[in-house]
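In: Below: sequence and its predicted model.
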Amino acid sequence: MERIVNKRINEECYRIKHKSGCTIMLYPMKGFSTAYALFGTRYGSVDTTFKTAKDEDYVTVPEGIAHYLEHKLFENEDCDAFALYAATGASANAFTSFDKTAYLFSCADKLEENLEILLGFVQKPYFTDETVAKEQGIIGQEIRMYEDAPDWRVFFNCLQGMYEKNPVRIDIAGTVESISHIDKYLLYRCYNTFYNLNNMVLAVAGNLDVDKVLAVCDKMLIASEDPQLSVKVPEESDRVYKRRMIQELPCATPLFNIGFKLPAKEGSECYRDYILYNLMGEICLGKTSDFYNRMYESNLINNNFYVRAFNGRGFFGLMAEGESADPDKVYEEILKEFAKLKKEGISRDDFDTIRNKTYGEIVGMFGGVESVASNLLEFELAGAQPYDLVDFIADITFEDVVNALKNFDEENSTISIIKNKI
Amino acid sequence: MSNPLYRKEIAKEVYFSKITDDRYKFNLISINFYSVIDKDKVTANSLIPQLLSKNNSKYPTNKEFSNLLARMYAASINDSSTTVGDLQQLAIEAVCLDDKYALNGEKLTEGITEILLDCLLSPVTQNGTFPQKAFETERNVLIEDIESIINDKRIYAMAQALKTVCKDEPRAFWNETEKAKELTPDIVYNAYKHMLSSYRCEIFCVGCNDFSAVEEKLTSAFSKIERADIEQCVTNKSALKTEPQYVTELMDVNQSKMVIGYKVDSDDNIGTLVMNHIYGGPGAVTSKLFTIVREKMSLCYYCSGPFNTSKKFVVVNCGVESDNIEKARDEIIYQLDEVKAGNVSEKELEQAKKAMVNARRSVRDGVGSMVRWYLPLIMTGDDIHSPEDEIEEIMSVDLKRVIENANKVTLDTVYVLTSEKKEEE
């Protein structure tokens, strides 16, 4: 058991490499009533082509299957996982993102009992033709719901412009058509490949007793052999695929996402870049910047303008998102602003201000059981350290940001717009 | 550890409440003004917190103000205009990290209190009113905000349905673009002055700070405000229609949305909450609507509805394929009939209670959830009780009480947003 301490914010947690192959991250938080647990696997919507040591060749599976599998794993032979949690009162859920799938619960008591449920059903898949068919309707409705959501569409359209081949460009839930090709055999194949404990992490934070949690893990985690998983990621150009993406949907003010494509790194390095580009973006375009206030006062943007780095396994970028009557004008102004700041430079005061702000936001992430547990899972699955963000924000220098801006190619970007369908 | 709720009237109809708990890393100070929703005033009122939260006379530009907050480790001044029953709640609130996390020993909590008070009591003015330019900017933001409700079809459908559910009641009215266009700086400034002098005010602090210094500053600041006759804040329960109303709205959508509104003729809020959890409460994964309409019949991805304890209505909402609207509607209504007929097991009751208890035990883990727990209770005239008190009450509910309360629920409105014209009932 490894004790990981961060003296900067006076916090500590534990990492355990369990004999089953699973990595366990535990974060006891004094004074809290609840505990939050996530059991996750390095398997998301981008993992569409893969093989294990036992497979002769790579297989490509239908888009949306990781998400479909997440839905189906909730169902056991006898009942579904919700029914099991109902006996304890825990609030349970699951999610699939680009690069991970996680099953979670929040509880105010009976943590060990809930953990047994979580570890039990995730390790016990049960798919039949009937149960797989039944889910087509529910997920079909989930997909249809997102088709009507302009904020969701504007983001995915932007990714489709930025990336030509990387599967981050596909919808996490797939399409009504793609999920129609999913059957129990494909689900079992995906499950047996990715739901291997060597590929999984359990993260628990809040009101917990380390020894009691580990005792449940010893009882429930079934050792599995490392399948030597290999995921094929298509070669992707460094440049964006398309500069402009437009769709019409019923909406009010047009929505826009402007994605700047950047090289993806791995592990802690990815989070160092995450901090670096968040700082750079905030300094240049954030609420404290000349740009933001000029645009806001000209009514070209409103309160819903944000700039943020987005990252995951195999993709990385900076995204400016908002609403504007004239998104192309905002895009033009953003490009001009970056060009100007590259020439004239940014101020050290602005750097200090945004570093303080980001430090506050990062410390804040350690303030609630849900965010602590979620970050533990994310960082461990990504091969990073739990306190990476705290250390990076403390160590980053003005020169780091100046250099990042100097090398930043603002033209390597895509604008996605959703216009009102009249 | 958590201290009990402290509550005191610090000026005429200005109440200061606080909860100190060392589990938090943040401190939150929330100042809220209340009035009964008035269709002619609601839009002007909504602009007040929006204008107050962007700057103040000491930091008169948005940029200076944002920089100040950013340097205080991402402290924030937030504004909102929302509903509680028939009331409009105008809020301006500050959130900051506790002083112990400041890198250079800054007194963040006292600092943010002063900033918040300057925003509230010393806004930027020009010739005795809000400056024209800033006013126009914020009015445009408000108009975009009003119109952007259409972006989220679920929220849009709920808002549209409530216009019928609460027809002619204060709750049916909210911000309107046309009203926003008619506003002037003077109209909103006068509304602001009226808010300070005549609206009931609730200040709520939650965090690890003991807020004594905050209370002193607020008491001193509010003692300088002239408080006139304070407007009454009353919420009436929503009236049942003589016949259920069926409304269909057309829009080019991929998925249709349906809202089914019921009226509740019961004073037993806890009994009704438990009943509604069994029937189809939000997040209730053991409810009849989740297990049957979603899981068994695969009709919807979401299908649930909250019980509004002050207005006494339940609004079930779902997203459904247009071909399945009638099927889903009939099943949603039928499942309530099942509860009314007593087709509810002890197991369903126990599951509902356990989930509700779990949710209430989680309330104390967040500063925001504590404020959201107490303020509606205070403002809708309900007993001010802790989450723990409510747990006891929930545990006492039996099946008889569930069935009795189900039989006090009556269909009132069926609203459908769809791309195809369906036959009217």
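Out: Received it, and whenever you're ready, just let me know what you need.

In: only C-alpha atoms for contact and neighbour calcs from this point on.
Out: Will do.

In: Next one, pLDDT for B:Lys422 please.
Out: With respect to pLDDT, B:Lys422 scores 47.

In: ok, now A:Arg8?
Out: Looking at A:Arg8, the pLDDT reads 87.

In: which phi and psi does it have?
Out: Dihedral angles of A:Arg8 (phi, psi; degrees, to the nearest 10) stand at phi -60, psi -40.

In: if I look at it, how far off is B:Ala102?
Out: With distances taken as Cα to Cα, to the nearest Å, A:Arg8 is found 11 Å from B:Ala102.

In: For the two, indicate the residue with more neighbours.
Out: Just comparing A:Arg8 and B:Ala102: by other Cα atoms under 10 Å in any protein chain shown the higher neighbour count belongs to B:Ala102, 16 against 13.

In: What residues does that one make contact with?
Out: B:73, B:108 (Cα atoms under 8 Å, 6 or more residues apart in numbering or on different chains).

In: Going along the chain, name the strands of the stretch 201-350 of chain A.
Out: With DSSP state E, counting those that start in this stretch, the ranges of strands along the stretch 201-350 of chain A come out as A:230-231, A:244-249, A:255-262, A:306-312, A:315-323.

In: Most tightly packed of the ones you listed?
Out: strand A:255-262 (a mean of 27; mean count of other Cα atoms under 10 Å in any protein chain shown).

In: Contacts for stretch B:352-370, please.
Out: Against stretch B:352-370 from outside (Cα under 8 Å, 6+ apart): A:32-34, A:86-91, A:107-109, A:368-369, B:23-24, B:26-28, B:206-207, B:274, B:277-278, B:284, B:286-287, B:373, B:387-388, B:390-391, B:394-395.

In: at 6 Å instead, please
Out: By Cα atoms under 6 Å, 6 or more residues apart in numbering or on different chains, the surrounding residues in contact with stretch B:352-370 are A:34, A:89, A:108, B:206, B:277-278, B:387, B:391.

In: Then stretch A:123-137?
Out: Contacts for stretch A:123-137 (Cα under 6 Å, 6+ apart): A:73, A:76-77, A:184, B:298.

In: Now which of those would you call buried?
Out: A:73, A:76, A:184, B:298 (16 or more other Cα atoms under 10 Å in any protein chain shown).

In: who's in contact with the last one?
Out: Spelled out, it's B:Ser298. With Cα under 6 Å, 6+ apart, B:Ser298 has these contacts: A:137-138.

In: Got phi/psi on it?
Out: phi 50, psi 40.

In: Same question for B:Arg139.
Out: phi -60, psi -40.

In: That one and chain A: what is the separation?
Out: Counting by Cα to the nearest Cα, to the nearest Å, the gap from B:Arg139 to chain A is 10 Å.

In: Now for residue 415: which residues touch it?
Out: No chain specified, so I'll use chain A. A:244, A:257-258.

In: my bad, the chain I had in mind was chain B
Out: Contact analysis of B:Tyr415 by Cα under 6 Å, 6+ apart lists B:161, B:246-248, B:258-259.

In: which one of those sits closest to A:Gly206?
Out: B:Val259 (37.4 Å; Cα to Cα).

In: Close to chain B: what parts of the stretch 1-150 of chain A are there?
Out: Within the stretch 1-150 of chain A, the positions near chain B by Cα under 6 Å from any Cα of the partner chain are A:31, A:34, A:86, A:89, A:108, A:137-138, A:141-142, A:144.
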